[in-house]
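Engineer: what follows is a predicted protein model with its sequence.
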Amino acid sequence: MADKEDPKKGKRSKGTSKEVCGYPLSIFFIVVNEFCERFSYYGMRAVLVLYFKYFLRWDDDLATSIYHTFVALCYLTPILGAIVADSWLGKFKTIIYLSIVYAIGQVAMAVSAIHDITDTDRDGTPDNMTFHVVLSMVGLLLIALGTGGIKPCVAAFGGDQFGDHQEKQRRTFFSVFYLCINGGSLLSTIITPILRAQNCGIYSKQKCYSLAFGVPAALMMVALVVFILGSGMYYKAKPQGNIMLDVCKCIGFAIKNRYRHRGNQYPKRKHWMDWAEEKYEKLLIAQIKMVLKVLFLYIPLPMFWTLFDQKGSRWTLQATTMNGDFGLLVIQPDQMQTVNPILILTLVPVMDSLIYPLIKKCGLNFTPLKRMTVGMILAALAFVCAAVVQLQIDKTLPVFPSASQVQLKLLNMGNKTVTVQLQDNEPAILAPAQVSDEYFVFDTDQITVLATAGSTTVHRGISFTKGKRQKLLLPLDLNKEWVQIDDLNSKPEEGNNAIRFVNGKNAEVNVSSAVANFGIIQPFHYSNYSLIKNGKVTFNLQSGSESCEYSRDFGFGSSFTFLIPNNLTFGQNCQEEITSAEDIKPNSVHMALQIPQYFFITAGEVMFSVTGLEFSYSQAPSNMKAVLQAGWLFTVAIGNFIVLIVAELAKLPKQWAEYVLFASLLVAVCIIFSIMAYFYTYIDPAEIEAQFKKVDDDDEDDKSKQQKAEIEMVKRDSVSSSEDDEKSK
Ligand SMILES: CC(C)C[C@H](NC(=O)[C@@H](N)Cc1ccccc1)C(=O)O
């Protein structure tokens, strides 16, 4: 049976009787639970911004803000979880109850993403968006409470399973624990974007966000079941009382007492916490001093997380404007986040077994605080890389018309060359079935057009819509109707290509393909846009009994108008005869260019986060390790709030400028941190605690000696008095 002594006494030689290779068997359940839970959390998080943008139809800024508010909440709730576990339910029950809350939240997210629920007119879009927004917000709140609440409990619960003689195994457990976090998140960030990209639905097929949230919900249930399965094997320490409350009370008393004794007549004390000596034990005061020293050092840290957590928001949105074709496989924008756990799984062992020992061999003292400083610099560098990539992307993005402008392209549907003069511009010459290469830009919506084809000249004043890109279709006979059509005013979403056909023939043409159907297009008319994924597509054109094929390779995020010319001869294929107008160029900046920024941010994470966790643990007094873990996670929460504040306040028109701003802020904070770190002296909490315990023991010894002496005296007195009595008798 497990050796279940009270942990307050600190004398537990073993966590459980069943051991495998020196490790308690119960650890297996905890590690698998963490793997599944992180799969659930990161899987859901990976598609969250895209769900906000494409399902709930929020703009980039709102999507980013709600994303970071959610992440911040996830790191605020650990304090709540730690209080509940320590003072009331204990870690085991807290993990069980909050995991149930967590799983309900994940199910709510999955249900909120089923578009069919409110799609009464069955057109593929939800009709009651409020239902989806409210349900997903409730889901996110439950998830934040669940994931954050159990976070400080699971790791500490794992640590509790080890006895005092298993120090080495406990350390290995924490490394395996971090690798499990990244193993679970790696798998989920690969899988959920694939699930999201599928089409599903009852009435209409739409992107399958419900499945992308449903699988994480299932994994959370698996995590809960696995955790319960290990129940009989765990060492379950009883709640130790709320140490956070004791700390707050002690600090409060010290402040009050200091204020009461503010006059000159009262001698100064070495530290303001010493003003609590009248009421609290010296050991507790010393422990609080250690914690406060570390918490003070934490002040600049949130800025690191501000940059770190933008991987899931801004960087994912950046990837949507890039080319994800890696030859053998095509990467979805949200799948780029997998680079982080892949690099973690390789960098942690490389750093631990190669880089750090090498630095040590060179005689350099690479202290934890120095590592964290370097981690910050690396994160800033990552954002400089992101800014450079953004500049490249911006160069390739189309310039859409401002609210007061009109952009116009000409398309000649006829079989004669047409000369067109728009306003005072140079005349444009369009061969038969030709489209003008670039858009003409006008600051007016009333445009005079003078068109000549052969002996026919037509002069018209045409009214266009401001703020839009449009096309003017010039017919075979210029005296007939000139068709105006709207082009796309933004890049097609999610890396799709927007395709449409214009029929310049005198007869109806039916255009179809395996991936999209354009239907029958009337003579001198046009089809609607269809969204097509990247890759090769073959279109089938049919007019009466004649047909031909036209194939085309598409990249990401382009828009094309294909013109079926008036004189098209339907042969086996009409490859050479179809005219294409590239209205929006495909994304040309490759997603691989994001790898350097991922490399720097992950190297930064290893130096900053892994070291920081270790530092927080090693510098915390024995009974406040959980307090400092919650404090550490609190810096992540603040970091996410800073993203909201800076992005809101700065409101920079250019994304690259925002990246540079964040990089500069981190460098500034890093300088402050390195100064603070310079003055920090490392401590060994156990040694300090031992000193206080020794003083107490000595005091105890003195007390017991005195008591013994008093007893002796009493004994002697009673002996002498009885002797006297005897004598008197
Ligand atoms: C650093 C976190 C506060 C702690 C840790 N996160 C990680 O280890 C990340 N590298 C995981 C990850 C995976 C995929 C995309 C982004 C981040 C944790 O979650 O406990």
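Structural biologist: Received the coordinates, thanks.
Engineer: in this structure, which residue sits nearest the ligand?
Structural biologist: Ser185 (3.4 Å; Cβ to the nearest ligand atom). In short, each C-beta sits where N, CA and C put it, glycine included.
Engineer: surely that residue touches Met44?
Structural biologist: No - Ser185 lies out of contact with Met44 (Cβ atoms under 8 Å); the separation is 10.8 Å.
Engineer: higher neighbour count, those two?
Structural biologist: The neighbour comparison of Ser185 against Met44 (other Cβ atoms under 10 Å) goes to Met44, with 29 against 24.
Engineer: doesn't that one lie inside a strand?
Structural biologist: No - Met44: not assigned to a strand; according to DSSP: H, G, I helix; E, B strand; the rest coil it is helix.
Engineer: tell me how far it lies from Gly183.
Structural biologist: 17 Å (Cβ to Cβ, to the nearest Å).
Engineer: I'd say Leu397 and Lys491 touch.
Structural biologist: Yes - with contact defined as Cβ under 8 Å, Leu397 reaches Lys491; the gap is 7.3 Å.
Engineer: which one's more surrounded, these two?
Structural biologist: The residue with more neighbours, out of Leu397 and Lys491, is Lys491; 22 against 14, by other Cβ under 10 Å.
Engineer: so what's the more buried one up against?
Structural biologist: For Lys491, the contact set (Cβ atoms under 8 Å, 6 or more residues apart in numbering) comprises 321, 397-398, 557, 559, 584.
Engineer: quick check, central residue of the chain?
Structural biologist: In the chain, the residue lying closest to the centroid (Cα atoms, centre = their mean) is Gly312, at 3.3 Å.
Engineer: so what's the residue lying closest to Leu613 once chain neighbours are set aside scoring on pLDDT?
Structural biologist: Nearest non-adjacent residue to Leu613, counting by Cβ to Cβ, 6 or more residues apart in numbering: Trp632, 6.6 Å away. At Trp632, the pLDDT value in this model is 89.
Engineer: now do Leu488
Structural biologist: pLDDT at Leu488 comes out at 95.
Engineer: what residues are bridge-paired with the residue lying closest to it once chain neighbours are set aside?
Structural biologist: The spatial neighbour of Leu488 that comes closest, neighbours along the chain excluded (Cβ to Cβ, 6+ apart), is Ser559 at 4.9 Å. Ser559 has these beta-bridge partners by DSSP bridges: Ala498, Ile584.
Engineer: run through who's touching stretch 642-661.
Structural biologist: So stretch 642-661 is in contact with 61, 64-65, 68-69, 72, 302-303, 306, 309-310, 313-314, 318, 383-384, 386-388, 390-391, 394, 662, 665, going by Cβ under 8 Å, 6+ apart.
Engineer: can you say which helix or strand has Phe539 in it?
Structural biologist: Following DSSP states H and E, the helix or strand that holds Phe539 is strand 535-543.
Engineer: against which helices or strands is that strand packed?
Structural biologist: On a contact count with 3 or more Cβ pairs under 8 Å, 6 or more residues apart in numbering; DSSP states H and E, strand 535-543 meets strand 509-513, strand 546-554.
Engineer: hang on, the earlier thing: pLDDT wise, what is the residue nearest to the centre of the chain at?
Structural biologist: Predicted confidence (pLDDT) for Gly312: 79.
Engineer: oh, and call the first residue 34 from now on, that's how I've got it
Structural biologist: Yes, from this point I'll number from 34; that puts the last item at Gly345.
Engineer: next one: phi and psi at it?
Structural biologist: Dihedral angles phi and psi of Gly345 (degrees, to the nearest 10) take the values phi -80, psi -10.
Engineer: next, work out how far apart it and Leu376 are.
Structural biologist: Taking Cβ to Cβ, one finds Gly345 at 15 Å from Leu376.
Engineer: if we can go back for a sec, could you turn the buried ones of the contacts of Lys524 into a PyMOL selection?
Structural biologist: The buried subset of these, as determined by 16 or more other Cβ atoms under 10 Å, is captured in PyMOL by this line:
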select buried, resi 354+431+590+592+617
